[in-house]
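Peer 1: I'd like to go over a predicted model; first the sequence, then the structure.
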Amino acid sequence: MSLLPETARRVDEIAARAQSNGRVPSFALAVLRDRAVLHFAGAGEQPRPDPKTQYRLGSITKTITATLVMQLRDEGFFALDDLLYRHLPGTPIGGITLRQLLGHVSGLQREPDGPWWERSAGGDVDQLLAGLTYEKLAGAPFRRHRYSNLAYGLLGAVLARVTGQSWAELAAKRVLDPLGMKRTTYAPVEPYARGYVVHALGGTLHEEPRPDTGAMAPAGQLWSTVTDMAKWAGFLADPAPAVLARETVDEMCAPVVISDLESWTAGHGLGPQLFRVGERVYVGHGGSMPGYVAHLVVHRRSRYGVIAFANAYGLAGDHIREVSLRTLTTVLDAEPAPVSPWRPPVAPAGEAAELCGRWWWMGSEYEVVPDGDALVMTGPYHRTRFVREAPDRWRGVEGNNEGEFLRVVRAPDGPVDALDIATFVYRRDPAHLA
């Protein structure tokens, strides 16, 4: 599969303009789908961009840290609503929860104390915790979105404490290796792009340091490539059960907080950032470290994604976000949606056969059809997919009635008389309104 020639040309143009206007030595932009690179556009010469060249991820690392937290939650190591002091006893800010830390609604200040951690060799977890004081809480939890790198340093400390393994070991063993992300590493491995500050007047390059950030590594340490980010984008769109269940990734991508209360175009889930462009919502994350900016964005429904890397601060912050969002929107607007072939459904059997067909509620018609082992009910007010949990009991797993039960109501002599979904009763008779 590849992009249409005109779509590919437009992506190439976006990359060329971003590198030129942003004055970055090297710029990599790729369109991703189903864990593969559909189209790669590079611009610049220092180094010449390549899908297998490493750039620094910066805060895209946080999405991997969040995945580790959700893995251990699913395995019973802790609950998201555990207070921090339960796992880091003695901390003066122990009254905030893991969930609040994940979603950047804990009220914590943005950075830890000391020199700027992104340009300094980091200390260990004990040093990070020793610098905590009650004054680190800059506001009340859930009062507003307050982005915090410190929050993810603390989440990494929790992961290490409850498992007895370092964050780096956990990330490699539990996420990167299972997904085959062999070129995503804690420290840079050749070939990798050096990061620069570009002098505002003369355009000369100043190479930035690449420190080991220590206890703050869970917030932004990792290095990766376009090829590996295709695998990560694929995971966010279509989760690998060996790493994390789809239901858990869905939970991560649900909004916790809206970060711009006027326009509602940006928010945060349990790890991923959320971006609304028109009628679409994308998930992903931006990242920056001295000499590097990056941005990953994924449209989960279509499984398309975009990764952008630059090795200078010139194309900083919102600028690279705008490039990746514009690229993904361009692709989704231009490329024809894949059409799934129609196949005759397998005839339902047993209880499912009794439930298929037409039903009415308050004069509105609904249809129940088989979908593998499940049933899908579609009508003017909702579409819901149900799976059978027990005789005459089905649970909504997708759609408007997700989490609700469909209860089969039978007549005294046994035939199905009605469907009761959360007290809303559907019957075969269109004239029956009760």
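Peer 2: Arrived safely, thanks for sending.

Peer 1: which regions of this structure sit below the pLDDT cut-off?
Peer 2: The model of the chain has pLDDT under 70 over residues 314, 316-318, 434.

Peer 1: which stretches of it form helices?
Peer 2: Counting by DSSP state H, the segments of the chain that form helices are 5-22, 61-74, 98-102, 125-130, 149-163, 167-171, 226-237, 246-253, 318-334, 351-355.

Peer 1: quick one: closest of those to Glu190.
Peer 2: helix 226-237 (15.2 Å; CB to CB). For glycine as for every other residue, the C-beta is placed from the backbone atoms N, C-alpha and C.

Peer 1: Gly414: how many residues sit nearby?
Peer 2: 8 (other CB atoms under 10 Å).

Peer 1: who does the closest residue in space to Pro255 that isn't next to it in sequence bridge with?
Peer 2: Nearest non-adjacent residue to Pro255, counting by CB to CB, 6 or more residues apart in numbering: Gly267, 4.6 Å away. Residues in a beta bridge with Gly267, per DSSP bridges, are Ile258, Leu274.

Peer 1: Gly267 contacts Gln273, correct?
Peer 2: Yes: using CB atoms under 8 Å, Gly267 is in contact with Gln273, at 7.4 Å.

Peer 1: just put the helices of the chain in a markdown table and tack on mean neighbour count and distance to Thr384.
Peer 2: A markdown table is the format used below for the helices of the chain (neighbours: other CB atoms under 10 Å; distance: least, CB to CB, whole Å):
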| stretch | mean neighbour count | distance to Thr384 |
| --- | --- | --- |
| helix 5-22 | 17 | 35 |
| helix 61-74 | 23 | 25 |
| helix 98-102 | 24 | 27 |
| helix 125-130 | 16 | 45 |
| helix 149-163 | 23 | 35 |
| helix 167-171 | 21 | 37 |
| helix 226-237 | 24 | 22 |
| helix 246-253 | 17 | 15 |
| helix 318-334 | 19 | 26 |
| helix 351-355 | 17 | 13 |
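
Peer 1: thinking again about what came up before, quick one: which of Gly267 and Gln273 has more around it?
Peer 2: Taking neighbours as other CB under 10 Å, Gly267 and Gln273 compare with Gln273 leading, 25 against 22.

Peer 1: for burial, what's the neighbour tally of Glu207?
Peer 2: Counted by other CB under 10 Å, the residues lying close to Glu207 total 12.

Peer 1: ok, how many other residues are close to His295?
Peer 2: Neighbours of His295 (other CB under 10 Å): 31.

Peer 1: sorry, back to before: go through the helices of the chain and name the closest to Arg119.
Peer 2: Closest among those, using CB to CB: helix 149-163, at 13.1 Å.

Peer 1: tell me who's in contact with the residue nearest to Pro255.
Peer 2: Counting by CB atoms under 8 Å, 6 or more residues apart in numbering, Gly267 touches 145, 255-259, 273-274, 276.

Peer 1: with distance to Glu111 added, can I get the helices of the chain in CSV?
Peer 2: As requested, the helices of the chain are exported to CSV (distance: least, CB to CB, whole Å):
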stretch, distance to Glu111
helix 5-22, 25
helix 61-74, 14
helix 98-102, 15
helix 125-130, 11
helix 149-163, 6
helix 167-171, 18
helix 226-237, 26
helix 246-253, 24
helix 318-334, 19
helix 351-355, 56
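
Peer 1: how far away is the residue lying closest to Ala15 once chain neighbours are set aside from Leu159?
Peer 2: The spatially closest residue to Ala15, leaving aside those adjacent along the chain, is Ala41, at 3.7 Å (CB to CB, 6+ apart). Distance, Ala41 to Leu159, by CB to CB, to the nearest Å: 36 Å.

Peer 1: just Ile14 next, same as before
Peer 2: 37 Å.

Peer 1: picking that back up, and of the helices of the chain, who's closest to Trp394?
Peer 2: helix 351-355 (8.1 Å).

Peer 1: remind me what that closest one packs against, helices and strands.
Peer 2: strand 405-410, strand 416-421 (3 or more CB pairs under 8 Å, 6 or more residues apart in numbering; DSSP states H and E).

Peer 1: mind listing what's buried along the last one?
Peer 2: Of all the residues in strand 416-421, those buried under the rule 16 or more other CB atoms under 10 Å are 416, 418-419, 421.

Peer 1: if we only consider the residues you listed, which is nearest to Arg99?
Peer 2: Distances from Arg99 to these, taken by CB to CB, are shortest for Ile421, at 29.6 Å.

Peer 1: contacts only, for the nearest residue to Pro209 once chain neighbours are set aside.
Peer 2: Excluding its sequence neighbours, the residue lying closest to Pro209 (CB to CB, 6+ apart) is Arg119, at 6.0 Å. Going by CB under 8 Å, 6+ apart, Arg119 touches 208-209, 211, 290.

Peer 1: the stretch 301-434 of the chain: strands as residue ranges?
Peer 2: 304-310, 357-361, 364-371, 374-378, 383-390, 393-399, 405-410, 416-421, 424-426 (DSSP state E, counting those that start in this stretch).

Peer 1: cool, the stretch 51-200 of the chain as well?
Peer 2: In the stretch 51-200 of the chain, the strands defined using DSSP E, counting those that start in this stretch lie at 55-56, 196-198.

Peer 1: for the first one, packing partners?
Peer 2: The reference is to strand 55-56. Applying 3+ CB pairs under 8 Å, 6+ apart, one finds that strand 55-56 contacts strand 223-224, strand 292-299.

Peer 1: repeat for the last one
Peer 2: Packing partners of strand 196-198 (3+ CB pairs under 8 Å, 6+ apart): strand 205-207.

Peer 1: and the contacts of the strand it packs on?
Peer 2: Contacts of strand 205-207 (CB under 8 Å, 6+ apart): 25, 46, 194-199, 291, 312.

Peer 1: make it 6 Å
Peer 2: Contact partners of strand 205-207, identified using CB atoms under 6 Å, 6 or more residues apart in numbering, comprise 194, 196-197.

Peer 1: so the nearest residue to Ala374 once chain neighbours are set aside bridges to which residues?
Peer 2: Spatial nearest neighbour of Ala374, excluding adjacent residues (CB to CB, 6+ apart): Val387 at 4.9 Å. As for beta bridges, Val387 partners with Arg395 under DSSP bridges.

Peer 1: spit out the contact partners of Val387.
Peer 2: Going by CB under 6 Å, 6+ apart, Val387 touches 374, 395, 397.

Peer 1: that one and Arg110, how far apart?
Peer 2: Between Val387 and Arg110 the computed distance is 43 Å (CB to CB).

Peer 1: which ChimeraX command selects the buried ones in the contacts of Arg119?
Peer 2: Of these, the buried ones go into a single ChimeraX selection, burial set by 16+ other CB under 10 Å:
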select :208,211,290
